[in-house]
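>>> the following block contains a protein sequence and its predicted model.
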Amino acid sequence: MSLQEKLPPRDEVLREFQKKIGGNMLLLAYKLKKWFPIRRSIKEVLLRKPPRYVRAVDGITFYIREGETFCLVGESGCGKTTTGRTLIRLLDPTGGYVFYKARPETLKLLKETLGEKVYISGDYIDLTTVPAKKFKPLRKELQIIFQDPYGSLNPRFKIKDILEEPLLVHGIGGSAEEREKRVLKALEDVKLTPADEFAYRYPHMLSGGQRQRVVVARAVILNPRFVVADEPVSMLDVSIRAEILELMMELKRRYGLTYLFITHDLAVARYICDRIAVMYLGTIVEIADSDTIVENPLHPYTRALIAAVPEPDPSLRHRFKDVPIKGEIPSAAAIPPGCRFHPRCVALDQHPELRSLCTSEQPELIEYEKDHWVACWLYQKK
Amino acid sequence: MPGYVLEVEHLKTYYYTYKGIVKAVDDVSFKLKEGESLGIAGESGCGKSTLAYSLLKLVPPPGRIAGGRIVIDGVDVTRMSEAEVRSKVRWKKISMVFQGAMNALNPVYTVGYQLAEPLMYHKGYSKKEALEEAKKYLQLVGLSPEVINRYPHELSGGMKQRVVIAMALILQPKIVIADEPTTALDVVVQAQILNLLKKLQKELGISIILITHDLSIIAELADKVAIMYAGKIVEFGPLEKVFLEPQHPYTQALLRSIPRLRGEKSKLEWIPGTPPDLRNPPLGCRFAPRCRFAMDICRREPPPEIQLAPDHRVLCWLYAKR
Ligand SMILES: Nc1ncnc2c1ncn2[C@@H]1O[C@H](COP(=O)(O)OP(=O)(O)OP(=O)(O)O)[C@@H](O)[C@H]1O
Ligand SMILES: Nc1ncnc2c1ncn2[C@@H]1O[C@H](COP(=O)(O)OP(=O)(O)OP(=O)(O)O)[C@@H](O)[C@H]1O
Ligand code: SF4
Ligand SMILES: [Mg+2]
Ligand SMILES: [Mg+2]
């Protein structure tokens, strides 16, 4: 398995997807990979064993339209966070392309400072070609809401300082007065009012929900275009989750944001996402609009996930839940050959004729029905 | 007619901190028939775990049971000495799967040892007998008997949770408390653990007290439901009634805030504000500051307990006859 897979030329890939999706494609990840090297034991080093990797994100392809809320769902460890961070270059990808439709002024600036070194074609820039040190202009456009609202706010800083920091880093807002105005406005945007009172509190003086609103404010204060929201409500009580979700949707409408929304909760995904991508062990196994994923899942893994979700319906009481899946999730360092779901696949038991294929070759993600993508041999026309 | 396996009357469990008394469980009463299962739901910090610790008489300091009675299988345990509780009640009549217990398994001992130890200690089994029994319990919770030789780090999260459940069962208690038994688990594993609990309930006839902040999970398992808010049970009743005809404004709001996977996508609601500080709860109804129906009296006086039906009650002024 080579680290650098041979990919088709960028122009070709971009053209193909532009033709297919049209001009409102904001972002396209193509065969994106992030492998983490595993520390080798002395023995392995001495025996010159090849390095091993955790294949956290292993060649995934998807696009996000402008103004869309696109969801990544899947079990713990399947690579959701790594995908989000690699997309916006908080991690450097191991392989693949990320085409992003940047704002014209950003593109112009990058073109001037970097010239031929970066891939720019029309409105799109391949984020993977931007040197890490030159990424700053793009950072404003690409923001993230981190998974842990408790860990992500510095307890020693006042809310005002927390929100002012990104402005200072990017040299935005000019005078201290203007910056303060922006901070207060951001607090009002997330409904922490009276803003001039909340600005002078410390994180520990806020409830969990209020803290999460500060995190949202920090993500939008730079006026981004694309926000990765990594489990923004998972740590919150059910009774206040809807409030944060509603707030995020309102900000999206107001500022024309596009979200990559990461969650392990399919019910939440259904409420707020336009389309859902289901991940399993570093790959995407299915993509469709939210209702289709819930009502007509194709991939055997998606079917198991949907079947497993508990329902607040007392008539289901005491009935055993039939979750069509076998065994346990393997480690990302020991991925099964062929379709990586095959050891757990119940559908495969019903289709013995597919066995040799499923156990030896990885199925590609194909568009089985319009806008409904699935990676499973059951659906490949061979 | 089965009798009550658990009766809790006016239970108060407080934490005596430097900054004041935290009234984590404040005048809680309920009864449970033999074999009946109870779901306890409520927001983080409402006192669910503290209630569970109280039932086992394992309230951590600076907490202490400050009043009320707990009767387990006909015996008042509130009056018992610690030695008596340890030899007669804890683990034998009532046991518990602690919140996060699967990560608290002792890493230096095998699963077999950790299961067998209480049998040797409490029942005087020989090591060989105890290990045989341990194997039986592993099978009961859906694990291979070969797991006795493994160490906790060699098990997946779901397997560890099964081991912890086996540990709670091994002295054959009548009541098993499971505190957030699936919270840290992925949804597929969660469904499998819930299936296991359903099976145990049926096969062993035990009462399960399932504690969770997730009402969907309670709907899968419980016969009765207690909705807790700020140290009090605000609604108690049969599962169907509480879920289909919730009466307390808090229960109603909580049910409307759950996103559902299937069926109509109604607009999600939320409960504005946050739960009160339990050191200094509001004078009247503790939910009043967040309640959309709150009246003057709600802010002034604690609400009475209203019996809506023989098995359904709420703590709310809306139902008081005036
Ligand atoms: N810095 C790292 N070094 C090595 N391995 C890593 C690193 N970060 C993540 N991994 C591994 O990559 C895989 C994917 O992790 P990731 O955090 O992306 O999953 P996730 O889907 O976000 O999970 P969760 O739902 O638990 O947040 C896991 O096996 C994880 O252990
Ligand atoms: N050792 C302690 N000292 C002081 N206060 C405590 C202690 N343990 C718990 N509390 C307080 O008692 C209240 C009830 O806590 P408890 O852990 O029982 O809640 P819970 O409903 O189980 O919450 P969660 O859903 O987060 O597990 C909380 O307000 C908590 O802060
Ligand atoms: S490709 Fe084969 S093993 Fe994989 S999910 Fe489809 S049927 Fe199952
Ligand atoms: Mg993650
Ligand atoms: Mg608890």
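Perfect, thanks for sending it. Nothing here was measured: the structure is a model prediction, and the numbers come from that model. Ligands and ions are numbered 1, 2, ... in the order given.
>>> near chain A, which residues of the stretch 101-250 of chain B?
Counting by Cβ under 8 Å from any Cβ of the partner chain, the stretch 101-250 of chain B comes close to chain A at B:156, B:158-159, B:186-192, B:194-195, B:198-199, B:201-202, B:213-217, B:219-222, B:239-240, B:243-244. In this view, the C-beta of every residue, glycine as well, is placed from N, C-alpha and C.
>>> of these, buried ones?
Among these, the ones that count as buried by 16 or more other Cβ atoms under 10 Å in any protein chain shown are B:158-159, B:186-192, B:194-195, B:198, B:201, B:213-217, B:219-222, B:239, B:243.
>>> so which of the residues you listed belong to helices?
Secondary structure from DSSP state H places B:158-159, B:187-192, B:194-195, B:198, B:201, B:215-217, B:219-221, B:239, B:243 of these in helices.
>>> what's around residue A:155, how many residues?
Per other Cβ atoms under 10 Å in any protein chain shown, the neighbour tally for residue A:155 reads 9.
>>> wait, residue A:323
Look at residue A:323: counted by other Cβ under 10 Å, it has 21 neighbours.
>>> now do the phi/psi pair for residue A:279.
Per-residue torsions, residue A:279: phi -100, psi 150 (degrees, to the nearest 10).
>>> which residue ranges of chain B form strands?
According to DSSP state E, chain B carries its strands in the segments B:4-17, B:20-33, B:38-41, B:63-72, B:75-76, B:94-97, B:175-179, B:207-212, B:224-229, B:232-238, B:305-309, B:312-315.
>>> reformat these as JSON lines; add distance to ligand 1, mean pLDDT and mean neighbour count.
As requested, the strands of chain B are exported to JSON lines (distance: least, Cβ to the nearest ligand atom, whole Å; pLDDT from 0 to 100; neighbours: other Cβ atoms under 10 Å in any protein chain shown):
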{"stretch": "strand B:4-17", "distance to ligand 1": "32", "mean pLDDT": "96", "mean neighbour count": "18"}
{"stretch": "strand B:20-33", "distance to ligand 1": "30", "mean pLDDT": "95", "mean neighbour count": "20"}
{"stretch": "strand B:38-41", "distance to ligand 1": "24", "mean pLDDT": "96", "mean neighbour count": "26"}
{"stretch": "strand B:63-72", "distance to ligand 1": "32", "mean pLDDT": "95", "mean neighbour count": "18"}
{"stretch": "strand B:75-76", "distance to ligand 1": "44", "mean pLDDT": "93", "mean neighbour count": "14"}
{"stretch": "strand B:94-97", "distance to ligand 1": "22", "mean pLDDT": "94", "mean neighbour count": "25"}
{"stretch": "strand B:175-179", "distance to ligand 1": "22", "mean pLDDT": "95", "mean neighbour count": "24"}
{"stretch": "strand B:207-212", "distance to ligand 1": "19", "mean pLDDT": "95", "mean neighbour count": "24"}
{"stretch": "strand B:224-229", "distance to ligand 1": "28", "mean pLDDT": "97", "mean neighbour count": "25"}
{"stretch": "strand B:232-238", "distance to ligand 1": "33", "mean pLDDT": "97", "mean neighbour count": "24"}
{"stretch": "strand B:305-309", "distance to ligand 1": "42", "mean pLDDT": "94", "mean neighbour count": "14"}
{"stretch": "strand B:312-315", "distance to ligand 1": "38", "mean pLDDT": "96", "mean neighbour count": "22"}
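>>> now the ones you listed as JSON lines including distance to ligand 3?
Putting the strands of chain B into JSON lines (distance: least, Cβ to the nearest ligand atom, whole Å) gives the following:
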{"stretch": "strand B:4-17", "distance to ligand 3": "46"}
{"stretch": "strand B:20-33", "distance to ligand 3": "44"}
{"stretch": "strand B:38-41", "distance to ligand 3": "35"}
{"stretch": "strand B:63-72", "distance to ligand 3": "49"}
{"stretch": "strand B:75-76", "distance to ligand 3": "54"}
{"stretch": "strand B:94-97", "distance to ligand 3": "33"}
{"stretch": "strand B:175-179", "distance to ligand 3": "33"}
{"stretch": "strand B:207-212", "distance to ligand 3": "31"}
{"stretch": "strand B:224-229", "distance to ligand 3": "38"}
{"stretch": "strand B:232-238", "distance to ligand 3": "41"}
{"stretch": "strand B:305-309", "distance to ligand 3": "49"}
{"stretch": "strand B:312-315", "distance to ligand 3": "46"}
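>>> ok so, going back, so which of the residues of the stretch 101-250 of chain B next to chain A reach ligand 2?
Of the entries in those, the ones placed beside ligand 2 under the rule of Cβ under 6 Å from any ligand atom are residue B:213.
>>> now residue B:77: how far from residue B:58?
Using Cβ to Cβ, to the nearest Å, residue B:77 is found at 11 Å from residue B:58.
>>> who has more neighbours, those two?
Neighbours per residue, other Cβ under 10 Å: of residue B:77 and residue B:58, the larger number sits with residue B:77, 22 against 14.
>>> need the residue closest to the centroid of the chain.
Here I'm looking at chain A. Nearest to the mean C-alpha position of chain A, by Cα atoms, centre = their mean, lies residue A:84 at 3.6 Å.
>>> meant chain B, my bad for not saying
Of the residues in chain B (compared using Cα atoms, centre = their mean), residue B:211 is nearest the centre, at 3.4 Å.
>>> so who does it touch?
When contacts are counted by Cβ atoms under 8 Å, 6 or more residues apart in numbering or on different chains, residue B:211 touches B:39, B:40, B:41, B:48, B:49, B:51, B:52, B:99, B:177, B:178, B:179, B:180.
>>> what do you get for residue A:21?
Counting by Cβ under 8 Å, 6+ apart, the residues that residue A:21 touches are A:28, A:63, A:65.
>>> and the second one, how many neighbours?
A count of nearby residues for residue A:63, using other Cβ under 10 Å, gives 20.
>>> again, but for residue A:349
By the other Cβ under 10 Å criterion, the neighbourhood of residue A:349 contains 10 residues.
>>> reformat the contacts of residue A:21 as JSON lines; add secondary structure, pLDDT and distance to residue A:281.
Below are those laid out as JSON lines (DSSP: H, G, I helix; E, B strand; the rest coil; pLDDT from 0 to 100; distance: Cβ to Cβ, whole Å):
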{"residue": "A:28", "secondary structure": "strand", "pLDDT": "97", "distance to residue A:281": "22"}
{"residue": "A:63", "secondary structure": "strand", "pLDDT": "97", "distance to residue A:281": "22"}
{"residue": "A:65", "secondary structure": "strand", "pLDDT": "97", "distance to residue A:281": "27"}
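>>> now check stretch A:258-278, is it near chain B?
Yes: in this structure, stretch A:258-278 sits against chain B according to Cβ under 8 Å from any Cβ; the contacting residues are A:264, A:265, A:266, A:267, A:268, A:270, A:271.
>>> out of these, which are inside helices?
Within the residues of stretch A:258-278 next to chain B, membership in helices is found for A:266, A:267, A:268, A:270, A:271, as judged by DSSP H.
>>> hey, which helix or strand in chain A has the poorest pLDDT?
Taking all helices and strands of chain A together, the one with the lowest average confidence (mean pLDDT, DSSP states H and E) is helix A:42-46, at a mean of 80.
>>> got the CA positions of it in PDB?
Below are the C-alpha coordinates for helix A:42-46, written out as PDB (Å, rounded to 0.1, in the frame of the first residue of the first chain):
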ATOM      1  CA  ILE A  42      12.800  -1.100  18.700                       C
ATOM      2  CA  LYS A  43      12.400  -4.600  17.300                       C
ATOM      3  CA  GLU A  44      10.400  -3.400  14.300                       C
ATOM      4  CA  VAL A  45      13.000  -0.700  13.600                       C
ATOM      5  CA  LEU A  46      15.900  -3.200  13.900                       C
END
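>>> need the contact partners of stretch B:292-311.
With Cβ under 8 Å, 6+ apart as the contact definition, stretch B:292-311 has outside contacts at B:224, B:237-238, B:241, B:247, B:249, B:253, B:282-285, B:287-288, B:291, B:313-320.
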